[in-house]
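Visitor: quick check, what structure comes out for this input:
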Amino acid sequence: MNSSTETTATTTTAAVAEQGAPVAPKEATSTRKAGTRQTAPKGRKRAATEAATAPAKAPKAAKGARKAAKGATAKAKATKRAATAKKPARATTVPCEFSKKAIVLDLLERKASATMAEIMEATDWQAHSVRGFVSGMLGKRMGLKVDSTKSDAGERCYKIAGK
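Guide: I've put the predicted structure just below:
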């Protein structure tokens with residue numbers, strides 16, 4: 001009986017997969033399509049799209065008509081640009097009575113020129129602010145001509161030209 005019990009008591013092994021190299025799972029395919037983004041500058045894009053949309057060869061009469069139409073639209077655009085490009089001349093603004101702009105203008109309009117130190121003291125500005133105001137606000141924005149000279153003592157003096 002021993003032999004019969006031995007035959008019936010066979011060892012059963014569990015079903016286990018063989019150990020092998022690890023395999024990465026399959027990646028899902030992308031549902032997003034490639035974009036049509038172009039990297040050419042605007043001018044090149046426009047030329048490329050016009051070339052792509054234009055017919056390859058057209059009869060000469062059609063070419064002439066197309067050129068005439070293109071010229072007419074270009075003229076219309078040019079006149080429209082010219083109409084919008086005309087801006088009124090920049091008006092000189094009148095500063096408020098006690099503003100720093102008014103203080104500096106009063107100093108520069110007097111007969112004797114104003115020194116940099118006088119303007120700095122009157123406005124509590126630093127030297128670079130005074131220089132920027134004279135060149136930017138008075139010279140460029142208001143269109144005033146400002147004379148800049150150095151005194152015998154070496155101080156920078158400003159005066160509105162013609163006054």
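
Visitor: give me the low-pLDDT residue ranges for this protein?
Guide: Where the chain drops to pLDDT under 70, the residues are 1-17, 35, 37-94, 163.

Visitor: and the strands in it, which stretches?
Guide: With DSSP state E, the ranges of strands along the chain come out as 114-115, 146-150, 156-160.

Visitor: okay, these in a markdown table with mean neighbour count next?
Guide: Heads up, the C-betas are built off the backbone N, CA and C, glycines and all. Formatted as a markdown table, the strands of the chain follow (neighbours: other Cβ atoms under 10 Å):
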| stretch | mean neighbour count |
| --- | --- |
| strand 114-115 | 18 |
| strand 146-150 | 12 |
| strand 156-160 | 19 |
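
Visitor: can I get these in CSV with distance to V23?
Guide: Formatted as CSV, the strands of the chain follow (distance: least, Cβ to Cβ, whole Å):
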stretch, distance to V23
strand 114-115, 85
strand 146-150, 81
strand 156-160, 81
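
Visitor: what number of residues lie near K33?
Guide: Residue neighbour count, defined by other Cβ atoms under 10 Å, stands at 6 for K33.

Visitor: where's it relative to K26, distance?
Guide: 20 Å (Cβ to Cβ, to the nearest Å).

Visitor: do the same with K145
Guide: For K145 relative to K26 (Cβ to Cβ), the value is 78 Å.

Visitor: so the two - more neighbours on which side?
Guide: K145 (10 against 6).

Visitor: surely the more buried one touches I160?
Guide: Yes - judged on Cβ atoms under 8 Å, K145 makes contact with I160 at a distance of 7.2 Å.

Visitor: neighbours of T36, how many?
Guide: 5.

Visitor: residue contacts, it?
Guide: Neighbour list for T36: empty [criterion: Cβ atoms under 8 Å, 6 or more residues apart in numbering].

Visitor: how about the helices in this structure?
Guide: Taking DSSP state H as the criterion, the chain contains helices spanning 2-8, 42-53, 60-85, 100-109, 116-123, 127-132.
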